[in-house]
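A.B. asks: Please work out how this folds:
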Amino acid sequence: MRTQSPLTGRSRSPLRRPLQALVMLFALVVGALTWSAPAQAHGTIVDPASRAYQCWKTWGSNHTNPAMQTEDPMCWQAFQANADTMWNWMSALRDGLGGQFEARTPDGTLCSNNLSRNASLDKPGPWKTTTVGNNFSVHLYDQASHGADYFKVYVSKQGFNPQTQTLGWSNLDFITQTGRFAPAQDITFPIQTSGYTGHHILFVIWQASHLDQAYMWCSDVNFG
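C.D. replies: Got it, this is the predicted structure:
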């Protein structure tokens, strides 16, 4: 049975109303997903670049290049182990640690934030380094502008060799804990050190403000 539209006088099938409702429902669902997407995005230390970010930035658009195996063997092994580690460089987080970072992050899992999917980041080896001086800045890029309750910053001890040793808590010197930062996509703060030379690991914990979410990263630096 067909009916006429009171506005146009044209005949209209009763099947069109359910179809229109379905289309509207689909549009609402898509709109909700689009609106909530930024909450699923996070961040990392982009300078000095964290290991996953450095690999993504250098090789993300060229990750099938066989030259990576010889030019950047640590990124190569990471891509071979799990390429998703690099594609999701912004998602190295754990929920509900309650500040118990050492108790709930075993030695040898610091660079991966104890996430098995990112275990390649814990491997010792010739990771590419960023040259820094005794005083330098750390730059967080946060896609979702979560803000920070604080950052805790460590540097591997003089004499620790990132190319042959796996990082544990006893291998770190505590440098500083920052105060709070308001929500922003870019957060930068200064670091002051002394007595370091050569290749070291900069280890940063970000306690985000929006939830009890902890992010941990290793950035390889060369104190020049």
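
A.B. asks: in its sheet, what does the helix or strand harbouring Asp173 sit against?
C.D. replies: Asp173 is part of strand 172-177, with elements assigned from DSSP states H and E. Strand 172-177 sits in its sheet next to strand 148-156 (antiparallel), going by DSSP bridges.

A.B. asks: quick one: average confidence on the strand it pairs with?
C.D. replies: Regarding strand 148-156, the rounded mean pLDDT is 98.

A.B. asks: thinking again about what came up before, from the chain's centroid, how far away is the strand holding Asp173?
C.D. replies: 21 Å (CA atoms, centre = their mean, to the nearest Å).

A.B. asks: Report all helices and strands that the helix or strand just after it contacts.
C.D. replies: Next along the chain after strand 172-177, taking DSSP H and E as the criterion, comes strand 186-192. Packing contacts for strand 186-192, counted by 3 or more CB pairs under 8 Å, 6 or more residues apart in numbering; DSSP states H and E, involve strand 135-142, strand 148-156, strand 172-177. To be clear about C-beta, it is placed using only N, CA and C from the backbone, and glycine gets the same treatment.

A.B. asks: Out of those, which gets nearest to Asp220?
C.D. replies: strand 148-156 (9.6 Å; CB to CB).

A.B. asks: ok, now how distant is the closest residue in space to Leu110 that isn't next to it in sequence from Gln54?
C.D. replies: Of all residues not flanking Leu110 in the chain, Leu167 sits nearest, at 5.0 Å (CB to CB, 6 or more residues apart in numbering). Relative to Gln54, Leu167 is positioned 16 Å away (CB to CB, to the nearest Å).
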